[in-house]
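Structure, please.
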Amino acid sequence: MKKKEIPVAWKPQKRQAEFLARPEYEALYGGAAGGGKSEALVAEALRQVHIPHYKAIIFRKTYPQLRELIQKSHRIYQPAFPDAVYHSTDHCWIFPSGARIYFGSMPNQDSYENYQGLSFAFIGFDELTHFTEDEYLYLIGRNRADGAGLRVYIRSTANPGGRGHAWVKERFITAMPPNTPYHYEVELVGENGIRQTVKRSRIFIPSSVWDNQILLENDPNYLANLAMQTEAKRRALLYGDWNSFDGQAFIEWKNNPNPKQQYTHVIEPFEIPAHWKRYRSFDFGYAKPFAVQWWAQDPDGVLYLYRQFYGCTDSPNTGIRMEPRQIARKIREIEDEYEKGTHITGIADPSIWDESRGIDGTVIYMMEREGIYFEKADNQRIPGKMQVHYRMAFDENGRPMMYVFKTCKHFIRTIPSLVYSNVNVEDIDTTQEDHDYDAMRYLFMANPIPPRRHEAQHKQEWNPLS
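Model (predicted):
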């Protein structure tokens, strides 16, 4: 007898299938635009709808953004499960088994609290970079099983850019190479004192428009649409470049891994000549990170960040709650070991002179008691930001007026991820991890330079000590 053909509601393309097959707890799919990310996420939520107590939820930041996802769900879910019913009031699909898939949003700062006490075996985030890390981590706490036999996991999609670009890049892009699982563990101590190690894993699966041949067949001109974008947006959306995205504050920044290539700000460390001027710049933080930077200035006025002391936990933009006296003692310890006999000029945020708690309560008073001194920085934000642009700009020989030793990991991590503010459109968004930026800005305002020409020609190699 001839087998009856089963109609196919949706079939993954090769890259989508790789994403759907991953066993890790967390997986991020995407990078570039047009890779079929949203469809793959919508389809993934169906995996356990045969289990009556299965509940899933797929998020977009706002409800208007959810509409396209819901339309995709109708194209996939209804043919696959003709008896499934969509309830528009609750934005929920109910399947014949009783399983449910919800569509949710978190438009406001405290919206995630609406999901307190709820549980979902599967959680999906479409365009994860639109969400904050706090929102994502809070929903991880709602990711649990309501009964036996359920797989509990999280899947996300994203393009570079957006308010969450920095933390998403840190969690999924820089943590490990693409297509490579990253395993992490946390040790817990129970009430009975017994230690327990819990393990998780995550992975990034990159995709691009070339992985979506159906889209290219249906719309051959889509490639041209992406190619016509600004350089930053084209590199992000067409090639999935996480170091370039729309809204990036410092598009001049380049971290070129080729040591012989010009047009890079990140360089190999070298021994700083004794006659170069030395500076220490400081941005204080307690609940948020603090940043201490050591810079050297060559005879041409070029500044080199050669060492940093950055006070953050394993969670980005979270401080280690170190008191000013402790910070000062650590600075003195570092300078006694590496800078003995060297004169260092300190530049710091004027706020550490705030006398609202009396002179004895000021940050500067406590640090000076430990022998660490600073001068007040010029804290003008827009002129300071322009100084950063001027120093990052390359001249006709491919040289900027600032370099960073590749050992300054936190600086290299945070500076290229800074984006513009939606409120003060000429300034950066101060809700980001901007502490290294502020410390840099204070120093640059103390050593201002005029605007420089941007050049696109690659010239001869350059040795900083030549």
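
which of the residues in the helix or strand bottoming out on mean pLDDT in the chain are buried?
One helix or strand of the chain scores below all others by mean pLDDT, DSSP states H and E: helix 231-237, with a mean of 70. Of the residues in helix 231-237, 232-237 count as buried by neighbour count, 16 or more other Cβ atoms under 10 Å. Glycine gets a C-beta too; all of them are placed from N, C-alpha and C.

again with stretch 13-27
The neighbour-count check on stretch 13-27 (16+ other Cβ under 10 Å) flags 13, 15-16, 18-20, 22, 24-27 as buried.

Report the distance from it to the chain centre.
Centre-to-centre, stretch 13-27 and its host chain are 22 Å apart (Cα atoms, centre = their mean, to the nearest Å).

all helices for the chain, in order.
Secondary structure of the chain (DSSP state H): helices at 14-20, 37-44, 63-80, 133-140, 165-168, 213-218, 222-227, 231-237, 324-338, 363-368, 381-392, 409-414, 435-446.

among those, which gets the worst mean confidence?
Lowest mean pLDDT within those: helix 231-237, a mean of 70.

which other helices and strands contact the least confident helix or strand of the chain?
The contact analysis (3 or more Cβ pairs under 8 Å, 6 or more residues apart in numbering; DSSP states H and E) places helix 231-237 against helix 222-227.

List the buried residues in the helix it packs on.
residue 226.

Kindly format the C-alpha coordinates of that helix as PDB.
Extracted in PDB, the C-alpha atoms of helix 222-227 (Å, rounded to 0.1, in the frame of the first residue of the first chain):
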ATOM      1  CA  TYR A 222      16.800  41.700   0.500                       C
ATOM      2  CA  LEU A 223      20.600  41.500   0.300                       C
ATOM      3  CA  ALA A 224      20.600  44.900  -1.400                       C
ATOM      4  CA  ASN A 225      18.500  46.300   1.400                       C
ATOM      5  CA  LEU A 226      21.100  45.200   4.000                       C
ATOM      6  CA  ALA A 227      24.000  46.300   1.800                       C
END
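
let's number from 39 now, not from 1
Renumbered: residue one is now 39, and that last one reads helix 260-265.

name the helices or strands packed onto that helix?
Helix 260-265 sits against helix 251-256, helix 269-275, with contacts defined as 3+ Cβ pairs under 8 Å, 6+ apart.

Please convert these to a markdown table, extending it with distance to residue 210.
Listed next are those as a markdown table, based on distance: least, Cβ to Cβ, whole Å:
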| stretch | distance to residue 210 |
| --- | --- |
| helix 251-256 | 24 |
| helix 269-275 | 15 |
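
Those: which one's closest to residue 470?
Nearest to residue 470, of all the helices and strands packed on helix 260-265, is helix 269-275, at 17.2 Å by Cβ to Cβ.

Contacts for the closest one, please.
Outside helix 269-275, the residues within contact range by Cβ atoms under 8 Å, 6 or more residues apart in numbering are 70-72, 197-199, 264-267, 279-280, 282-284, 286, 289.

Please produce a ChimeraX select command covering the buried subset of the residues you listed.
The following ChimeraX line selects those of the contacts of helix 269-275 that are buried, judged by 16+ other Cβ under 10 Å:
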select :70,71,72,197,198,199,264,280,282,283,284,286,289
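
one step back: so which of the helices of the chain gets nearest residue 490?
Going by Cβ to Cβ, the one of the helices of the chain nearest residue 490 is helix 419-430, 5.7 Å.

Name the residues of that closest one that are buried.
Across helix 419-430, burial judged by 16+ other Cβ under 10 Å covers 422-430.

for stretch 155-166, same thing?
By 16+ other Cβ under 10 Å, the buried positions in stretch 155-166 come out as 157-166.

Pick out the most distant pair among those.
Pairwise distances across these (Cβ to Cβ) peak at 23.5 Å, for the pair 157 and 165.

what's the longest strand in the protein?
strand 233-245 (DSSP state E).

Give me the distance between that one and the centre of its chain.
On the basis of Cα atoms, centre = their mean, strand 233-245 sits 17 Å off its chain's mean C-alpha point.

Adjacent strands (with direction) for it?
strand 64-69 (parallel), strand 220-227 (antiparallel) (DSSP bridges).

deepest of those strands, which one?
Among the strands paired with strand 233-245, strand 64-69 has the highest mean neighbour count (mean count of other Cβ atoms under 10 Å), at a mean of 26.

Out of the strands paired with strand 233-245, which gets nearest to residue 444?
Taking Cβ to Cβ, strand 220-227 is the member of these nearest to residue 444, at 21.5 Å.

what's next to that closest one, contact-wise?
Identification of contacts with strand 220-227 by Cβ under 8 Å, 6+ apart yields 213-214, 233-241.

can you dump the C-alpha coordinates of it into PDB?
Output of strand 220-227 as PDB, limited to C-alpha atoms (Å, rounded to 0.1, in the frame of the first residue of the first chain):
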ATOM      1  CA  TYR A 220      30.500  27.000  27.400                       C
ATOM      2  CA  HIS A 221      30.100  25.000  30.600                       C
ATOM      3  CA  TYR A 222      29.900  26.900  34.000                       C
ATOM      4  CA  GLU A 223      29.100  25.800  37.500                       C
ATOM      5  CA  VAL A 224      28.200  27.300  40.900                       C
ATOM      6  CA  GLU A 225      28.800  25.900  44.300                       C
ATOM      7  CA  LEU A 226      25.900  26.100  46.800                       C
ATOM      8  CA  VAL A 227      25.800  25.500  50.500                       C
END
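
looking only at pLDDT, what's the mean for that strand?
84.

again with stretch 324-335
Stretch 324-335 carries an average pLDDT of 97.

Please identify the buried residues of that stretch?
Of the residues in stretch 324-335, 326-335 count as buried by neighbour count, 16+ other Cβ under 10 Å.

what do you get for stretch 469-480?
Neighbour-count burial for stretch 469-480 [16+ other Cβ under 10 Å]: 470-480.

Could you export the strands paired with strand 233-245 as a markdown table, including distance to residue 122?
Conversion of these to a markdown table gives the following (distance: least, Cβ to Cβ, whole Å):
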| stretch | distance to residue 122 |
| --- | --- |
| strand 64-69 | 24 |
| strand 220-227 | 35 |
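
Identify whichever of those lies nearest to residue 457.
Closest among the strands paired with strand 233-245, using Cβ to Cβ: strand 64-69, at 17.6 Å.

Can you tell me what sits against the closest one?
Residues outside strand 64-69 that contact it (Cβ under 8 Å, 6+ apart) are 54, 57, 73, 75, 78-79, 166, 191-198, 206, 210, 238-246, 278, 280.

Likewise for stretch 79-92?
Residues from elsewhere that reach stretch 79-92, judged by Cβ under 8 Å, 6+ apart: 48, 50, 54, 57-58, 67, 94, 96, 107, 110-111, 114-115, 118-119, 122, 133, 135-139, 159-160, 162, 164, 184-185, 187-189, 193-195.
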